[in-house]
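Next one to model:
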Amino acid sequence: MRSHCFAIFLSVLLLNRLSSTRAEFSSEDGFEKILHDNEKLRCTINTLTETINKLNTELDVLNIQIEMKRHVVIALNATVNNQKVLITNQTKTIENQNKRERSMFEAISRLQKVRDQNATINKLNASIQEMEKQLKNQSEIQIELKENNNKMNLQDLEINDLKKRLQEEEDKLQYCTQNSRLCNEPVKSLPITVPYQSHKNESNEYLKCKSGNGCPYGFGIYEVKIRGLSPFEVPLQNNWMIVQRRRDGSENFNRPWQDYKDGFGNVRGEFFLGLEKIYALTQNRRIELLIQLGKADGSTTSTVYDNFQIGSERDSYVLKSLGNQFDDLEISLKYNLNQKFTTLDRDNDEYIYNCASNENGGFWYKDCGYCSLNGKYFKEGYVTQQHKNGIHCRHWDNWDKISYTFVQIMIKPAGV
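Numbers count the residues shown, from 1 in each chain. Predicted coordinates for the structure are as follows:
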């Protein structure tokens, strides 16, 4: 396009030159001059044409170079854009790192504050401990006086118990003077026949010694033989057979069903005779039930029911009967009447949860919390753990957090 425009420019220039020399065509010399000028002009045009072609070639080369450079620029722009993306990503990474560093610094600051607070708390605890020591030192005399009073009360109880035992031993000695052979037997053997329903015509003897002269006042550890059960030992006290005893917390009463069925513990200490044995001993006869309770302050109480009976294992050893109640009416099992026995692994009570798990021991629960003589033992005489119940039977403890330190449950045939 540029070369075409340049040729037109040259044509116009040539016509102008010819117009300016039109007056000179009349002479021969002028014509020759015109020819000469035209020749020169042709040469000039050729030269210019060559120059134009050369310039066009150079222009084409330049265009190619420009196109190549444009591609290079595009590639550079792409590279720059990639670099910008990388820089943006790196910037975001750096910002995230800065955020994490700020979070770490904030966490470190919080930790430092917590450490400072802990140091303050430790100082306060040290001050509290020091104050507690001072209070403890100030109250040591009062505590010692209280302990001495408790010891004196316990000593009075022990003295009274010793007096009672002394009287019993004197009675036994008097009896043994007349029956010397019986006094040499450390463990009394009582072959007891307790008939089941299929043996109603057999002997109905119960806790009667067959040695000829009777048993000395019904005290000591006796061996009992019942048809269908292995022989077992049981303590007797004034003809009352002890079937449960709590006195020092040495035995765990939070046990499964099988343990309560078979019995556990030491008959010379804390123990539970066993539901199957109690069931066998209370069938087909009228049985009296005696419950004795004691508190840490030395106070005691007891009550008697005149017709105690439980069901078989098929009936979950249900508390079928208690009869009439005598002595201390503040101890009441009436609330537990007609309830099946519940243990930590067999829930037979009416409460939504397992009462044996809540009360830490098996018993004839209805909906927990009323009377539990197999609960957790607290030697202090009161419950020291939150959400726990001890050994209790409501009314006598006035619904306080009292936990009895002594329990003894005994049975004997009515009239014996």
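
and the protein, what are its domains?
Here the domain assignment for the chain is 1-178, 237-413, based on automatic domain parsing.

and those, which is most packed in?
Each of these was scored by mean neighbour count; the highest is domain 237-413, a mean of 18, by mean count of other C-beta atoms under 10 Å. To be clear about C-beta, it is placed using only N, CA and C from the backbone, and glycine gets the same treatment.

tell me how far the ends of that domain are from each other?
14 Å (C-alpha to C-alpha, to the nearest Å).

can you check stretch 312-319 too?
10 Å.

Kindly report the same for stretch 247-255.
Termini of stretch 247-255 sit 18 Å apart (C-alpha to C-alpha).

Report the distance from the helix or strand hosting Glu106 to the chain centre.
Assigned by DSSP states H and E, Glu106 belongs to helix 28-178. Relative to its chain's centre, helix 28-178 lies at 34 Å (C-alpha atoms, centre = their mean, to the nearest Å).

So for that helix, mean pLDDT?
What helix 28-178 shows for mean pLDDT is 79.

Tell me where the stretch 201-350 of the chain has strands.
Ranges of strands within the stretch 201-350 of the chain are 220-224, 232-237, 240-246, 264-265, 271-272, 287-294, 300-305, 309-310, 319-321, 325-327, based on DSSP state E, counting those that start in this stretch.

Of all those strands, which one is nearest Phe406?
Relative to Phe406, the nearest member of the strands of the stretch 201-350 of the chain by C-beta to C-beta is strand 287-294, separated by 3.2 Å.

From the contact counts, what lies against that closest one?
Judged by 3 or more C-beta pairs under 8 Å, 6 or more residues apart in numbering; DSSP states H and E, strand 287-294 is in contact with strand 300-305, strand 406-413.

average pLDDT across that strand?
The model assigns strand 287-294 a mean pLDDT of 93.

which residues are contacting it?
240, 281, 300-309, 322, 331, 333, 373, 393, 396, 404-414 (C-beta atoms under 8 Å, 6 or more residues apart in numbering).

Give me the average confidence score over the helix or strand harbouring Ala356.
Secondary structure from DSSP H and E places Ala356 in helix 355-359. The average of the pLDDT scores along helix 355-359 is 88.

Check stretch 263-274 too.
On average, stretch 263-274 scores 95.

Kindly check the end-to-end length of it for me.
Start-to-end, stretch 263-274 (C-alpha to C-alpha) is 4 Å.

For Arg42, which of the strands of the stretch 201-350 of the chain is the nearest?
strand 264-265 (140.7 Å).

May I see the strands of the stretch 201-350 of the chain organised as JSON lines, with distance to Leu62 added?
Shown next, in JSON lines, are those (distance: least, C-beta to C-beta, whole Å):
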{"stretch": "strand 220-224", "distance to Leu62": "128"}
{"stretch": "strand 232-237", "distance to Leu62": "123"}
{"stretch": "strand 240-246", "distance to Leu62": "115"}
{"stretch": "strand 264-265", "distance to Leu62": "112"}
{"stretch": "strand 271-272", "distance to Leu62": "115"}
{"stretch": "strand 287-294", "distance to Leu62": "120"}
{"stretch": "strand 300-305", "distance to Leu62": "124"}
{"stretch": "strand 309-310", "distance to Leu62": "120"}
{"stretch": "strand 319-321", "distance to Leu62": "118"}
{"stretch": "strand 325-327", "distance to Leu62": "127"}
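
what about these, which gets the closest to Gln90?
strand 264-265 (75.0 Å).

For the closest one, give me every contacting residue.
245, 251, 255, 271-272, 274.

Show me the two of those residues that sit farthest apart.
In terms of C-beta to C-beta, the contacts of strand 264-265 reach their longest pairwise distance at Arg245 and Arg255, which sit 15.2 Å apart.

that older thread, I'd like to know which of the strands of the stretch 201-350 of the chain lies nearest to His71.
Of those, nearest to His71 by C-beta to C-beta is strand 264-265, at 97.9 Å.

What's the separation between Gly294 and Ser372?
16 Å (C-beta to C-beta, to the nearest Å).

next one: Gln325
19 Å.

try Ile64
107 Å.

same check, this time on Asn324
23 Å.

again with Gly311
20 Å.

next one: phi and psi at Asn307?
Phi and psi for Asn307, reported as degrees, to the nearest 10, are phi -150, psi 80.

For it, which non-adjacent residue is closest in space?
Distances taken as C-beta to C-beta, 6 or more residues apart in numbering place Gly323 nearest to Asn307, at 2.7 Å, with adjacent residues excluded.

what about the helices in the stretch 251-400 of the chain?
257-262, 275-281, 355-359 (DSSP state H, counting those that start in this stretch).

shouldn't Glu223 be in contact with Pro235?
No - Glu223 is not in contact with Pro235 according to C-beta atoms under 8 Å; the separation is 11.3 Å.

With neighbour numbers in mind, choose between these two.
Pro235 (19 against 14; other C-beta atoms under 10 Å).

For the closest residue to the more buried one other than its chain neighbours, give me its contacts.
Take Pro235 and drop its neighbours on the chain: the residue closest to it by C-beta to C-beta, 6+ apart is Ile242, 4.6 Å away. Counting by C-beta under 8 Å, 6+ apart, Ile242 makes contact with 234-236, 267, 273, 408-410.

Redo the residues you listed as CSV? Include distance to Ile108.
Formatted as CSV, the contacts of Ile242 follow (distance: C-beta to C-beta, whole Å):
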residue, distance to Ile108
Val234, 71
Pro235, 69
Leu236, 74
Val267, 66
Leu273, 66
Gln408, 64
Ile409, 65
Met410, 70
